[in-house]
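Student: Sequence first, predicted coordinates after that:
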Amino acid sequence: MLCDLAKLGMSHCSDFKNSFVDMSHFLVTGGAGFIGSHLVDLLMEEGHEVTVLDNLDPFYPAEIKRANIQAHLDKSTFRFFEMDICDRDGLKDRLGKEAERKPFAAIIHLAAKAGVRPSVEDPVGYHEVNARGTQNLLEFARSFGIEQFVFASSSSVYGVNSELPWNEEIGVSRPISPYSSSKMGGELIGHVYSHLYGIRFIALRFFNAIGPRQRPDLAIHKFAKKILKGESIPVFGDGSTGRDYTYVGDIIKGIRAAVEYEGSRYEIINLGNNHPVMLNELIERLENVLGRKAVIDRLPPQPGDLPLTWANIEKAQNLLGYCPSVSLEKGLVKFSTWLQGNS
Ligand SMILES: NC(=O)c1ccc[n+]([C@@H]2O[C@H](COP(=O)([O-])OP(=O)(O)OC[C@H]3O[C@@H](n4cnc5c(N)ncnc54)[C@H](O)[C@@H]3O)[C@@H](O)[C@H]2O)c1
């Protein structure tokens, strides 16, 4: 396992170097969201120009998303387009002007309808945004000569698969939720555009991101709020499901390295932690960090949920110098500090 290699000092992990030494212009879709806004912070800190496209989708409150990017709104190197990726004409007309003003060095496409459970209620909407919307952006890239495209895919594409830990070579043709099939759709259409039109397409399969600004629908965020209020937390199943929780800052480093990647024209790369933790254990750790006991409301397992996610991250390590360094414990502390400072 990678972690064992790292312990033995055999890791290939290294700090990646920016080849975009000059100020570049990046398009970040979904840049007002949880993961996107952290990436925007980093790119702005590095001195680049950043254009964010986000429709402030009502899945969770728009004011949270506005707050995520608030610090940049008055900067001359930052632009925000409140737009839907399904609006093809809008992309061409409004964003096209931005691309003509200063070409985008890369598109980092994170906008999506996120979440497995809500996708079960809205399969068409998920497909429309996550698969068709991705194609719209690829068309935009094709029209404006943008050669680097980084796509947020998901561990959920692996479905129920016992070949653990999951590596990128194993078959993923049996998705079990509309969310996962929509992400697979994005990966597949990306291959077509890389093959036919020479766009370098890097699909990053994120595994359970944790940290400040985490989406309010995700378990850690939901649980923490309820535990702090003394309310019971809904736990689906017997607590034996496992997740490969990955600190958002580590994921951002992986995305940033993918933006620089100049190898083959198409890659799929896991960004996980290689260390799954069972739900019962997660709750215990959260209780320790918050200093309060949880009251558990035990409910039946949810359709579309996976029993376990577990990333093999050797490819990310080899191609991107990726090496997650923030433990679950530290990630929970950072999240809790942020949550309690924002509620
Ligand atoms: N958070 C995770 O653990 C995780 C895991 C796997 C994959 N992902 C993927 O990573 C990406 C970012 O996830 P996140 O957790 O930051 O979610 P998020 O919901 O916080 O961010 C997604 C952003 O996309 C925007 N958006 C949604 N529909 C849009 C549309 N039609 N047009 C324009 N913008 C739109 C939303 O307003 C939001 O700001 C998503 O593609 C998600 O599927 C996330």
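Tutor: Sure, I can see it. Nothing here was measured: the structure is a model prediction, and the numbers come from that model.

Student: Around the ligand, which positions in the stretch 151-300 of the chain sit nearby?
Tutor: Within the stretch 151-300 of the chain, the positions near the ligand by CB under 6 Å from any ligand atom are 152, 154, 206, 208-209, 215. C-beta: built from backbone N, CA, C; applies to glycine.

Student: pLDDT score for residue 117?
Tutor: Residue 117 carries a pLDDT value of 89.

Student: I meant residue 22, not that one.
Tutor: pLDDT for residue 22: 70.

Student: Which residue is the nearest non-sequential neighbour of residue 132?
Tutor: Leaving aside its sequence neighbours, residue 132 sits nearest to residue 86 (CB to CB, 6 or more residues apart in numbering; 6.6 Å).

Student: Tell me who's in contact with that neighbour.
Tutor: By CB atoms under 8 Å, 6 or more residues apart in numbering, residue 86 lies in contact with 128-129, 132-133, 136.

Student: Generate the PyMOL command that creates a selection of the buried members of those.
Tutor: Only the buried members of those enter the following PyMOL selection, criterion being 16 or more other CB atoms under 10 Å:
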select buried, resi 129+132+133+136
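
Student: ok, which of the contacts of residue 86 also contact the ligand?
Tutor: Applying CB under 6 Å from any ligand atom to these, one finds that 129, 133 fall near the ligand.

Student: Could you tell me how far stretch 149-159 lies from the centre of the chain?
Tutor: Its chain's C-alpha centre and that of stretch 149-159 lie 8 Å apart, by CA atoms, centre = their mean, to the nearest Å.

Student: end to end, how far does it reach?
Tutor: Start to finish, the residues bounding stretch 149-159 are 25 Å apart (CA to CA, to the nearest Å).

Student: for the residues of the stretch 151-300 of the chain next to the ligand, which one is nearest residue 254?
Tutor: Nearest to residue 254 among those is residue 206, at 8.5 Å by CB to CB.

Student: Isn't that closest one up against residue 156?
Tutor: No - using CB atoms under 8 Å, residue 206 is not in contact with residue 156, being 9.6 Å away.

Student: Of these two, which one has the most company?
Tutor: Counted by other CB atoms under 10 Å, residue 206 and residue 156 do not tie: residue 156 has more neighbours, with 27 against 22.

Student: List the neighbours of stretch 89-108 that are in contact with it.
Tutor: Under the criterion CB under 8 Å, 6+ apart, residues 20, 24-29, 36, 39, 49, 51, 53, 79, 81, 83-85, 136-137, 139-141, 143-146, 148-150, 255, 259 lie in contact with stretch 89-108.
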